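# coordinates for the following, if possible.
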Amino acid sequence: MTESSAPRSGSLNRLQIIGRWIITEMESWDPESFNMEVQAYVEFGPEGRGRFQFCLVQGFMDYCVTERDGEPAVEWSWEGSDEMDPACGRGWAVLEKAGELRGRIFIHNGDDSAFTADRTE
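Have a look, this model is predicted:
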């Protein structure tokens, strides 16, 4: 059985996370900052890969579905750039019952921030 075809009770099915999520809030930056270059987003593809961008940070992710504190979640590592300098880090998010994605993204040896995202149409 694969995680996407037969999730445990309460676990996140990969199909629930696939797609683009617009970042609506960030703990460390205001909307003008995190939407500086593009509308901030996090995107999960079907093969456990994804990407994101906020402020001048952009990255490519390798993610897996899991649980955090008994809640359906996704965790990832990433590499990319921060203001044109190489950067990497990690992140996680929990899919809330209301359909919001809430989590935290970390820049290795740098900032970290909680975020909230809504699925795009």
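# now the closest residue to residue 60 other than its chain neighbours: phi and psi?
Among residues not flanking residue 60 along the chain, residue 51 sits closest, at 5.2 Å (Cβ to Cβ, 6 or more residues apart in numbering). C-beta: built from backbone N, CA, C; applies to glycine. In terms of degrees, to the nearest 10, the main-chain angles of residue 51 are phi -160, psi 170.
# what about the closest residue in space to residue 75 that isn't next to it in sequence, neighbour count?
Nearest non-adjacent residue to residue 75, counting by Cβ to Cβ, 6+ apart: residue 92, 4.5 Å away. Applying other Cβ atoms under 10 Å, we find 16 residues neighbouring residue 92.
# and the gap between residue 92 and residue 41?
17 Å (Cβ to Cβ, to the nearest Å).
# residue 96 now?
18 Å.
# next SSE after the helix or strand bottoming out on mean pLDDT in the chain?
Every helix and strand in the chain was compared by mean pLDDT, DSSP states H and E; the lowest is helix 14-17, with a mean of 78. Counting by DSSP states H and E, the element after helix 14-17 in chain order, helix or strand, is strand 19-26.
# past that following strand, which element shows up next along the chain?
Sequence order places helix 31-34 as the next helix or strand after strand 19-26, per DSSP H and E.
# report all helices and strands that that following helix contacts.
Judged by 3 or more Cβ pairs under 8 Å, 6 or more residues apart in numbering; DSSP states H and E, helix 31-34 is in contact with strand 19-26.
# list of residues touching the strand it packs on?
31, 34, 39-44, 54, 101, 113-120 (Cβ atoms under 8 Å, 6 or more residues apart in numbering).
# what subset of those is buried?
Among the contacts of strand 19-26, the ones that count as buried by 16 or more other Cβ atoms under 10 Å are 34, 40, 41, 42, 43, 44, 54, 101, 113, 115, 116, 117.
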